[in-house]
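*Asks:* got a sequence here, can you build the structure:
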Amino acid sequence: MPLISDSVGRVLGGRYRLVAALGTGASAHVFLAEDVSLRRRVAVKVLQPALARDASFLKRFEAEARSVASLNHPHVLRVFDWGEDADGPYLVLEYLQGGSLRDVLDHGVSLSQAQAARLGAEAAEGLAYAHARGLVHRDVKPANLLLDEEGRVRIADFGVARALAEAAWTEPDGAMIGTARYASPEQAQGQSVDGRSDVYSLALVLYEALTGEVPFVADTTMGTLAARVGVPLPHHPALGPLDDVLARAAAPAVGDRLDAARLAARLGSVAAALPPPAALPLRGAAPAETGPYAAGGDLTVQAPAAGAGHRLEVFDIDALDGPPAPARRRAPMRPNASTRRRWPWVLAAVVLAAAVAAGVVAAVHEKVFTASRPVPALTGLTLSAARQTAAADHFSVAVGGSVRSIAVPAGSVAGQQPRRGVSAKEGTALRVVVSSGPPTERVPPLSGLGLDCTGATRLLAADHFTADCPALLAYSPTVPAGQVINWSYDNRLDAAKAPWGATIAVAVSKGKPPVAVPAVAHDTSFTQAQSALQGVGLQATEVQESSTTVPVGQVVGTTPAAGAMATVGTAVKVEVSSGPPVVTVPTMSNDTVAEATAALSEAGLVVGQVYGPATGHVFTTVPLAGQQAKKGSAVNLYTQ
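*Replies:* Numbers count the residues shown, from 1 in each chain. Here you go, the predicted structure:
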């Protein structure tokens, strides 16, 4: 690529005339250009020649350019066009004149809490929009937060970081892509990233904008990256009501971190509770060797020194009131020597007295004679305690609204201005923001997912809720035993929302409710009994049971008995009659008829016909001895 100044005046793609250099970085030169077709000003980013020789980069660059060009959101910088020229690939971008957040911070300006809340909410909205469409920025930093003429933010360089990450031209395999100072812990560890990595980076940007400090910065790049792994965002009094919001946005564990949509909502709530912010001190996007559109590092717009280009003029006050009035003629006086010596001292005394009087008035107005004191710490105190603490140090308290807080109980001070330790005049009204309690969070659905108590507890914990599981065990005709039936909070069944950290009561199924065993005995076959039992959710098992009263093949009874309660799915024994019981015919050889009658009676049999002399002895029987016979049946005796 030729020198950046040599390219001014060229026309890229037959359409974009390069008017002036806006900035330069490690991977691109950026120009202010005129779109000769649409007669509008645009920014053109011409990438380095080395990238043009990387086929994998060009393929990814084209895909990313198409994806980013489809984005249409008020807080995402528009990509109008892309192409290739003799100097390499280029992007045609929306041109903004307000400079970047980097330019603002590099001039020693720290944002107020209201300014940071509004700017952060806008940036988070832009990120949420892109994340919903599968795009992750990977390099959120102040230089990529551009400002329009009214101070509204737009996120620049979507897609470029990902394309660079896959180019052979970039760092060796495993190297982290993105500015180290704002990288997420997962970027620092070389892990895959999603939209919550951008949220972490934005939290660090807002922290710097409020405090003037970038957290976790060490002497080396590796030290900087390692310092944030597993470490929560440090507290700082300048954060005020943004403290807990940024802490959750920069949670070390990805699962504990807000996504961009939730961060936008939280910052929007804080912004609504604060007074309207002052306009941002825009630095402009004037042509320079570096600038807000430059890629590959944090760059600074070269701004003129304070007062440059302004001329101080001195005016004659009388001349401003018109021509002087003609002087009255009077007789000349000849002052004596004493008068000539005395009048300068009189005049000096009058001037001095007037100056002293004016100074006293001004000093009273500006409270010069009012003592100054360090501002006491009010954050965390109840409002009444804060008023007492302030009064003890001769201050008053003015409530400037409320804000949701997970760290400060409802009714207590969540933030103050001026902050603790700052010197202020006695009688100053210390402005406080009062906590209205934890924010309301969406409760994740728990039923219909096959969750047990362990799964429900983990799912609720991911959204910062506590599970009381099982808070209730109940039968359910549809939910299997051990799985969640429903949940509740504050007596609201299946509550959709609850305060952050709330305990959610979870009901777990004991399975289907028990049923009564139907009466199936007598005049019923096993098949009929089985059908009746299955109709109420019970199983049937056939067992044979002898009976002298129930015909063979019919149901004698069940176990459990009819009317007993049984768990659905229980197997019920169905006792089917096999007829009367059988006994063994005893041996009666050489027995008299009387002896044989007694033996049969003892076995449960009776004597049938006696064939032979009544006084004779038994020599055989029918049925024969040892054979089975139904109890109570007759046995014929044969005697001789």
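*Asks:* care to break the chain down by domain?
*Replies:* Using automatic domain parsing, the domain ranges for the chain come out as 4-273, 372-435, 440-509, 515-577, 582-639.
*Asks:* buried stuff in stretch 405-413?
*Replies:* Neighbour-count burial for stretch 405-413, counted by 16 or more other CB atoms under 10 Å, picks out 405-406, 408, 412-413. Using the backbone N, CA and C atoms, a C-beta is placed for each residue, glycine as well.
*Asks:* quick one: least confident of these?
*Replies:* Among those, Ile406 carries the lowest pLDDT, at 74.
*Asks:* host element of it?
*Replies:* For Ile406, there is no host helix or strand (DSSP states H and E).
*Asks:* didn't it look like it was pressed against Pro499?
*Replies:* No. Applying CB atoms under 8 Å, one finds Ile406 not in contact with Pro499, separated by 9.0 Å.
*Asks:* run through the bridge partners of the closest residue to Leu18 other than its chain neighbours.
*Replies:* Counting by CB to CB, 6 or more residues apart in numbering, Leu18 lies nearest to Phe31, which is 4.3 Å off, once chain neighbours are set aside. Phe31 forms beta bridges with Ala21, Val44, as assigned by DSSP bridges.
*Asks:* so who does Phe31 touch?
*Replies:* When the contact criterion is CB atoms under 8 Å, 6 or more residues apart in numbering, the partners of Phe31 are 4, 7-8, 18-22, 43-44, 46.
*Asks:* closest to Tyr129 among these?
*Replies:* Tyr129 lies nearest to Ala43 out of the contacts of Phe31, by CB to CB, at 20.9 Å.
*Asks:* and for that closest one, the neighbour number?
*Replies:* Residues lying near Ala43 (other CB atoms under 10 Å) number 25.
*Asks:* quick check: it vs Leu233, distance?
*Replies:* Ala43 sits 33 Å away from Leu233, going by CB to CB, to the nearest Å.
*Asks:* next, the buried residues of stretch 24-41.
*Replies:* Neighbour-count burial for stretch 24-41, counted by 16+ other CB under 10 Å, picks out 24-25, 27-35.
*Asks:* next: stretch 492-506.
*Replies:* By neighbour count with 16+ other CB under 10 Å, stretch 492-506 contains the buried residues 495, 498-500, 502, 504-506.
*Asks:* same thing with stretch 532-541?
*Replies:* Those would be 532-533, 537-538, 540, for stretch 532-541 by 16+ other CB under 10 Å.
*Asks:* ok, back up a step: which ones among the buried residues of stretch 492-506 lie within strands?
*Replies:* Using DSSP state E, the subset of those located in strands is 498-499, 504-506.
*Asks:* nearest to Leu246 among those residues?
*Replies:* Proximity of those to Leu246 (CB to CB) peaks at Pro499, which lies at 20.0 Å.
*Asks:* I'd assumed Arg442 was in contact with that closest one.
*Replies:* No. The pair Pro499 / Arg442 is not scored as a contact, 11.6 Å apart, by CB under 8 Å.
*Asks:* which residues does Val618 contact?
*Replies:* When contacts are counted by CB under 8 Å, 6+ apart, Val618 touches 588-593, 596, 637-639.
*Asks:* within the helices and strands, which one has it?
*Replies:* Assigned by DSSP H and E, Val618 belongs to strand 618-622.
*Asks:* from the chain's centroid, how far away is that strand?
*Replies:* In terms of CA atoms, centre = their mean, to the nearest Å, the centre of strand 618-622 is found 97 Å from the chain centre.
*Asks:* likewise for stretch 625-632?
*Replies:* 83 Å.
*Asks:* what do you get for stretch 469-488?
*Replies:* 28 Å.
*Asks:* now swap in stretch 558-575 and tell me
*Replies:* Computed by CA atoms, centre = their mean, the chain-centroid distance of stretch 558-575 equals 52 Å.
*Asks:* can you mark which positions in it are buried?
*Replies:* Residues of stretch 558-575 classed as buried by neighbour count (16+ other CB under 10 Å): 558, 566, 572, 574-575.
*Asks:* picking that back up, and of the ones in strands among the buried residues of stretch 492-506, the nearest to Leu383?
*Replies:* Closest approach between those and Leu383, by CB to CB: Pro499, at 19.8 Å.
*Asks:* ok, now which ones touch the closest one?
*Replies:* By CB under 8 Å, 6+ apart, the contact set of Pro499 is 437-441.
*Asks:* just to revisit the earlier point, out of the domains of the chain, which gets nearest to Arg283?
*Replies:* Among the domains of the chain, the nearest to Arg283 by CB to CB is domain 4-273 (3.9 Å).
*Asks:* so for the closest one, what's the average pLDDT?
*Replies:* For domain 4-273, the mean pLDDT works out to 86.
*Asks:* can you map out the strands along the stretch 401-550 of the chain?
*Replies:* For the stretch 401-550 of the chain, the strands defined by DSSP state E, counting those that start in this stretch occupy 413-417, 423-425, 429-435, 440-442, 466-474, 484-489, 492-493, 497-499, 503-509, 515-516, 539-545.
*Asks:* okay, these, which one's buried deepest?
*Replies:* Of all the strands of the stretch 401-550 of the chain, strand 413-417 has the most neighbours on average by mean count of other CB atoms under 10 Å, namely a mean of 26.
*Asks:* and it, C-alpha only, in CSV?
*Replies:* Output in CSV follows, covering the C-alpha atoms of strand 413-417 (Å, rounded to 0.1, in the frame of the first residue of the first chain):
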residue,chain,number,x,y,z
VAL,A,413,-28.6,4.4,49.7
ALA,A,414,-27.2,2.7,46.6
GLY,A,415,-25.1,5.6,45.4
GLN,A,416,-24.1,9.2,46.3
GLN,A,417,-22.7,12.3,44.7
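*Asks:* quick one: strands adjacent to that strand?
*Replies:* Applying DSSP bridges, strand 413-417 is found paired with strand 429-435 (antiparallel).
*Asks:* center of this structure - which residue?
*Replies:* Nearest residue to the geometric centre of the chain (CA atoms, centre = their mean): Leu258, 2.8 Å.
*Asks:* dihedrals phi and psi, Gly83?
*Replies:* Torsion angles at Gly83 (phi, psi; degrees, to the nearest 10) stand at phi -180, psi -170.
*Asks:* determine the angle, from 0 to 180 degrees, between the host helix or strand of Ala265 and strand 413-417.
*Replies:* Assigned by DSSP H and E, Ala265 belongs to helix 260-273. Orientation check (axes from the mean of the first three to the mean of the last three CA atoms, to 10 degrees): helix 260-273 against strand 413-417 gives 60 degrees.
*Asks:* centre of the chain to helix 260-273, how far?
*Replies:* The chain centre lies 12 Å from the centre of helix 260-273; the measure is CA atoms, centre = their mean.
*Asks:* in it, which residues are buried?
*Replies:* Those would be 260-271, 273, for helix 260-273 by 16+ other CB under 10 Å.
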